[in-house]
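Student: I'll drop the sequence and a predicted model, then ask my questions.
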Amino acid sequence: MTSFIQQPSGPVPADGADLVQILIAAGSAGLLAALLIALGYGHRTGKITVLARLAERSEHSWLLRGLPGWAALPLRLALTSLLVTLLGLYWDIALRITQGRGSGPLSNIAHYPILFGIFGLCVAGTLAMVLPVGEHPGRAALRITKCWEAPTSGLLLGLAGFFSLLGFPLDAVWQRLFGQDVTLWGPARLMVIGGVSLSLVAMALLEREGRFVRTGRAETMRALYVRRGLLCGALLVGLSVFQAEWDFGVPQFRMVFQPLLIAVSAGCALVAARLWVGPGGAMLAVALFVLTRGGITLLVGPVLGGPTAAIPMYVIEALCVELAATALTRRPLALGVFSGLLIGTIGYTSEYLWTAAAYRLPWSPDMLPEGVLMSLTGGVCGGLLGALLVRALRGELPPARTRNALFGLAVTGIAVAVVNGLVGTSPDGVRASVAVDELTDQAVVRIEPTPIAQHPTWLTITGWHGGSLHVDRLTEIEPGVYRTNQPMPVHGPWKTIIRLHSGRAILATPVYLPADEARNTPGVATPSQFTRDALPEYQLLRREAAPSVPDWLWPAASAVVVLLSLAYVLALGWGGQRIGRAISGPPCAERTRAASGLATESP
């Protein structure tokens, strides 16, 4: 099948997006905002009825029955947009690995589904805020004007879309300051991923806020079960996007990050699924995760011609949560902690075995015991966050001091673990001596000093930007001496290096690098025999970095992104508490009927 992933023609600018493309993208966003304002104004004044008709039609959907139109229509749009965005994100990662940098947001075909999907999230949040006309959207609603109240969850969903969308212009600014960056974990790109991933929290709050003031239409427990399972499964998919570099086999950070990220995703999403959906909820979330990620993997890999990404298993973690819930389902916070402990130990072991079978870079004993400690931290903190989310959805929040302390503890624990994962070393005096067989392009590699290459986390020949991905895990033939298992790509646009990760050290030795015309950087040839020093890996993986950047600029710019991200997380926490307090009493419809002397049932 013909691949849609093609090499760019001619040199590509090294200093970020073309200004014309940025202006086109910004103009498109402005036009969309103007159309939304006009449509929302027309709906609220009664001059435009199309939104009311679409909302009413969404109320009759089997999956969304029982929700008012102002929640049903945005949820449908948001879930569809999320799926489109996820496809774009993984396609974009594949393009960056195989093709390299582009000349701007409109030059990369994968950016279009990402932009359309994020625009969809913005539209969904806006619709949730403007659709309620002539009805009270619940006690958690925010008063916008004297005659306009908007659901808090709608504001949070719109904020998620805006936060993700903000990542695009910030990424362009970032590239102009620091040069092109092919890593998924660029700070501005993490904003795009974070906004999309955590939009599921806003969607879950929208579902609950809408059901709290439901219009009285009958709903089936099966539909409720599937709807909530779908949201929790989507949350698991969204949180797992942060693992994409490890899924493709090109992580640029320490391997202990992967068990941390898997445990956080499993703890948060699976604990929430079991508590909110009910028995079997965690398994349902995993099934939906496998279906979604499996489909995206097939599309990006075999269909579009990109490298195939592995996916975490999560099945054993789900079984652990289901087992723990048999005794602790009435104690959500205890369930979150205990499930996290099981995820950090039994789940870690299962994923250890799974990575050996499914991943390009499996886990190794070199990660012990730090990998287990990171997994335990992620599991417990993620489990606490999942339990707090469901207690908010149930209107069963613990006292303010307790919930604030637990929320702060969980977020801080994850932040400390992330900082620990970022701390690495680049020891001096490490060299790689390579003897290349010119007929087969295979090689024998000697690492000196020998102890640093004893049982490494990974030791590979990695090649990228050649139209595909090459990851060859070297085979040891004697202490400190390894051989390749495949021919090395040492021609054309390929960038090929020896990667060594041992303990906290992440080093790389160049094997073959083409000249970079945009940066006026000479290439690195591959003679039949050579000895080269091992360098800090980021210097080779990020050759596109701008020269002569002031030392203070990177931490200052990163601090801005961190503060924006923290504000976004705190906004979600505030919204969850506001909605949880609002629904802790009887539903709005029930209170109205009670005031009229009518008997009702609790939903």
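Tutor: That came through fine. Predicted model, so just to flag it, every value in this text is computed and none were measured. Numbers count the residues shown, from 1 in each chain.
Student: and the contacts of stretch 402-411?
Tutor: 333, 380-382, 384-385, 388, 391, 397-398, 569, 573, 577 (CB atoms under 8 Å, 6 or more residues apart in numbering). Placement of C-beta: from N, CA and C, glycine included.
Student: mind redoing it with 10 Å?
Tutor: With contact meaning CB atoms under 10 Å, 6 or more residues apart in numbering, stretch 402-411 is reached by 264, 267-268, 333, 336-337, 340, 377, 380-389, 391-392, 397-399, 566, 569-570, 573, 576-577, 580.
Student: which residues does residue 481 form a beta bridge with?
Tutor: On the basis of DSSP bridges, residue 481 is bridged to residue 446, residue 478.
Student: could I get the full set of strands for the protein?
Tutor: 142-145, 148-150, 431-437, 442-448, 458-464, 470-473, 475-478, 481-483, 495-502, 505-512, 529-533, 535-536 (DSSP state E).
Student: of all those, which one is nearest residue 130?
Tutor: The stretch from the strands of the chain with the least distance to residue 130 (CB to CB) is strand 148-150; that distance is 7.5 Å.
Student: for the closest one, packing partners?
Tutor: Identification of packing neighbours for strand 148-150 by 3 or more CB pairs under 10 Å, 6 or more residues apart in numbering; DSSP states H and E yields helix 111-130, strand 142-145.
Student: go again with 7 Å.
Tutor: Counting contacts by 3 or more CB pairs under 7 Å, 6 or more residues apart in numbering; DSSP states H and E, strand 148-150 packs against strand 142-145.
Student: pLDDT weak spots in the stretch 51-200 of the chain?
Tutor: For the stretch 51-200 of the chain, applying pLDDT under 70 flags the ranges 101-107, 179-184.
Student: mind listing the helices for it?
Tutor: 69-98, 111-130, 152-178, 187-212 (DSSP state H, counting those that start in this stretch).
Student: export these to JSON lines and append columns for distance to residue 292 and mean neighbour count.
Tutor: JSON lines is the format used below for these (distance: least, CB to CB, whole Å; neighbours: other CB atoms under 10 Å):
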{"stretch": "helix 69-98", "distance to residue 292": "7", "mean neighbour count": "24"}
{"stretch": "helix 111-130", "distance to residue 292": "14", "mean neighbour count": "24"}
{"stretch": "helix 152-178", "distance to residue 292": "18", "mean neighbour count": "23"}
{"stretch": "helix 187-212", "distance to residue 292": "12", "mean neighbour count": "25"}
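Student: closest to residue 424 out of those helices?
Tutor: For the helices of the stretch 51-200 of the chain, proximity to residue 424 was assessed by CB to CB; helix 187-212 is nearest, at 17.2 Å.
Student: report all helices and strands that that closest one contacts.
Tutor: Helix 187-212 packs on helix 69-98, helix 152-178, helix 221-240, helix 370-394, helix 553-582, going by 3+ CB pairs under 7 Å, 6+ apart.
Student: switch the cut-off to 8 Å
Tutor: Packed against helix 187-212 by the contact rule (3 or more CB pairs under 8 Å, 6 or more residues apart in numbering; DSSP states H and E) you find helix 69-98, helix 111-130, helix 152-178, helix 221-240, helix 370-394, helix 553-582.
Student: okay, those in JSON lines with distance to residue 62 next?
Tutor: Supplementary listing: the helices and strands packed on helix 187-212 in JSON lines, determined by distance: least, CB to CB, whole Å:
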{"stretch": "helix 69-98", "distance to residue 62": "11"}
{"stretch": "helix 111-130", "distance to residue 62": "20"}
{"stretch": "helix 152-178", "distance to residue 62": "22"}
{"stretch": "helix 221-240", "distance to residue 62": "6"}
{"stretch": "helix 370-394", "distance to residue 62": "22"}
{"stretch": "helix 553-582", "distance to residue 62": "25"}
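Student: for those helices, which one sits closest to residue 250?
Tutor: Taking CB to CB, helix 69-98 is the member of the helices and strands packed on helix 187-212 nearest to residue 250, at 6.0 Å.
Student: between the closest one and strand 458-464, how many degrees?
Tutor: 90 degrees (axes from the mean of the first three to the mean of the last three CA atoms, to 10 degrees).
Student: which non-adjacent residue is nearest the residue most central in space within the chain?
Tutor: When the chain is reduced to its mean C-alpha position, the closest residue under CA atoms, centre = their mean turns out to be residue 241, at 3.2 Å. If the residues on either side of it in the chain are set aside, residue 241 comes closest to residue 193, at 5.2 Å by CB to CB, 6 or more residues apart in numbering.
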